[in-house]
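Participant: I need the structure of the sequence given here:
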Amino acid sequence: MSARPGTAARGVCPDPRPVHRTRRRSAPRSEDVRPHKPDSARGGRTPGGAGHTVLVLSTVHQADDPRVRVRTVGVLAQRFAVRYATRGPAPSDQRDHNWVELPGSRARRHAAGVIEAFRSDVGLLSVHDPELIPLALAVSAARRIPVVVDVHEDVPSQLLTKAWIPRALRPLLSAVAAALLHLAERHVAITLAEPGYARLFRRRHPVLPNYPLTGQLPAPAQPAGDVVYVGDITEARGAMFAIKVVARMRVPHRLRLIGRCSPWLRARLEGLALTHGVELDLPGFMPHHEAMAAVSTAAVGLCPLEDQPNYRHSLPTKVLEYLSLGVPVVASDLPGTAAVVAGRPGVQLVAPRDVDGWGAAVDRAVGDPAWRADAMRAAHDVRAQFRWPAERLIATYATLWGTPRQAPDHALAG
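Facilitator: Down below sits the predicted model:
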């Protein structure tokens, strides 16, 4: 594969229109967001009385998960009183919300989440795990308060590729998951992390794309020489493959894989790195601001996703974060990624599993200063075009609830 600085392996032109503006506006009428009717209007009553708190609930995600903690809780807390319930350890910053730990095993955390969801002061429930959809439906029916299910993943597609599920059961479980999503959209509000997830539903729902909260990103910095990946570390996301790519570089570089990694995969990665003579750093999960600080000095950012249904039509947030920090990108040439970033300065897209093509692309990114210069010059435009829709999030929740807390004097941080 050959490419010039400022070009990509595939020439898919991105949409030149700005994606989001920060002016105040309500959710589009074409999307299925309706004001929540108070019980007096429906002839019923809310058990435990009307609440005044937004509960953001996840039994699976880390407390410092960027979409949940930084982009959702952080923005909602500027307008609402927010309680945030997750597994431990605690979020690194709790100044803008009340955090509640869900302790123990997954089952125990789920039970604790049920208790939190039925607390009388909860006036709006926001859930972020597909496992919590039955709870979301129960709360909506029993408490008659607005409930939001934020869809982070294409779960039906995910279930088709889970190795721990017997192959014969995967289609059945995928169909059950799809049916549960269809049931949910009839009774609760849905928000989507990707436009492509709209195909999972019959109605239209607000899209809150996983763009960076640009106001919290560090400034672009000079490179320190590392090859970096940030995000959950799995084989499907290319962790083993990344080691093989770095092993083919002409000049050795340290590979930093920043994110959650299971103990058994960590052992395999360390063994493979030793075999290939690659210096590997596995620092584990970092709070978002720390991870972005580490990325800002990278020589190149990797996104080596395999071609799987859940990834094929998605735009990985890490790609936009790399570009927002002026870091050149080498990413898998998948439709969802190519549709947005192909042809952008500093971007090279390479076919998944093409280890020789990847090695050559990473060599170009770190060896030719033009790639870094192009990415640095384009960082401001990326930040301006791809930014977390904070106003859209607030408008969606305010429309559902109807009586939000008064806004502070300062503008929403986007």
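
Participant: the strands in the chain, which residues?
Facilitator: Listed in chain order, the strands of the chain (DSSP state E) span residues 53-57, 81-86, 98-101, 122-127, 147-151, 189-192, 227-230, 255-258, 280-284, 300-303, 329-332, 347-350.

Participant: residues contacting the fifth one, please?
Facilitator: Strand 147-151 has contacts (CB atoms under 8 Å, 6 or more residues apart in numbering) with 67, 72, 124-128, 130, 132-133, 136-137, 139-140, 181, 184, 188-193, 197, 200, 208, 396-397, 400. The C-beta positions use only the backbone N, C-alpha and C, and glycine is treated the same way.

Participant: follow-up on the earlier one: tabulate the strands of the chain (JSON lines), appending mean neighbour count and distance to L323.
Facilitator: Listed next are the strands of the chain as JSON lines, based on neighbours: other CB atoms under 10 Å; distance: least, CB to CB, whole Å:
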{"stretch": "strand 53-57", "mean neighbour count": "25", "distance to L323": "28"}
{"stretch": "strand 81-86", "mean neighbour count": "22", "distance to L323": "29"}
{"stretch": "strand 98-101", "mean neighbour count": "16", "distance to L323": "32"}
{"stretch": "strand 122-127", "mean neighbour count": "24", "distance to L323": "29"}
{"stretch": "strand 147-151", "mean neighbour count": "25", "distance to L323": "24"}
{"stretch": "strand 189-192", "mean neighbour count": "24", "distance to L323": "22"}
{"stretch": "strand 227-230", "mean neighbour count": "24", "distance to L323": "13"}
{"stretch": "strand 255-258", "mean neighbour count": "24", "distance to L323": "17"}
{"stretch": "strand 280-284", "mean neighbour count": "15", "distance to L323": "22"}
{"stretch": "strand 300-303", "mean neighbour count": "28", "distance to L323": "8"}
{"stretch": "strand 329-332", "mean neighbour count": "29", "distance to L323": "6"}
{"stretch": "strand 347-350", "mean neighbour count": "27", "distance to L323": "7"}
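
Participant: which among these is found nearest to A63?
Facilitator: In terms of CB to CB, the element of the strands of the chain nearest to A63 is strand 81-86, at 4.4 Å.

Participant: show me where the stretch 201-350 of the chain has helices.
Facilitator: Here the stretch 201-350 of the chain has its helices, by DSSP state H, counting those that start in this stretch, at 239-247, 263-276, 288-296, 309-312, 317-324, 335-341.

Participant: determine which stretch of those is the most buried.
Facilitator: Neighbour counts (mean count of other CB atoms under 10 Å) averaged over each of the helices of the stretch 201-350 of the chain peak at helix 317-324, with a mean of 26.

Participant: sorry, back to before: including distance to S92 and mean pLDDT, could the strands of the chain go into CSV?
Facilitator: Output for the strands of the chain, formatted as CSV (distance: least, CB to CB, whole Å; pLDDT from 0 to 100):
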stretch, distance to S92, mean pLDDT
strand 53-57, 16, 97
strand 81-86, 13, 97
strand 98-101, 11, 97
strand 122-127, 20, 97
strand 147-151, 21, 97
strand 189-192, 25, 97
strand 227-230, 16, 98
strand 255-258, 15, 98
strand 280-284, 14, 97
strand 300-303, 22, 98
strand 329-332, 27, 98
strand 347-350, 31, 98
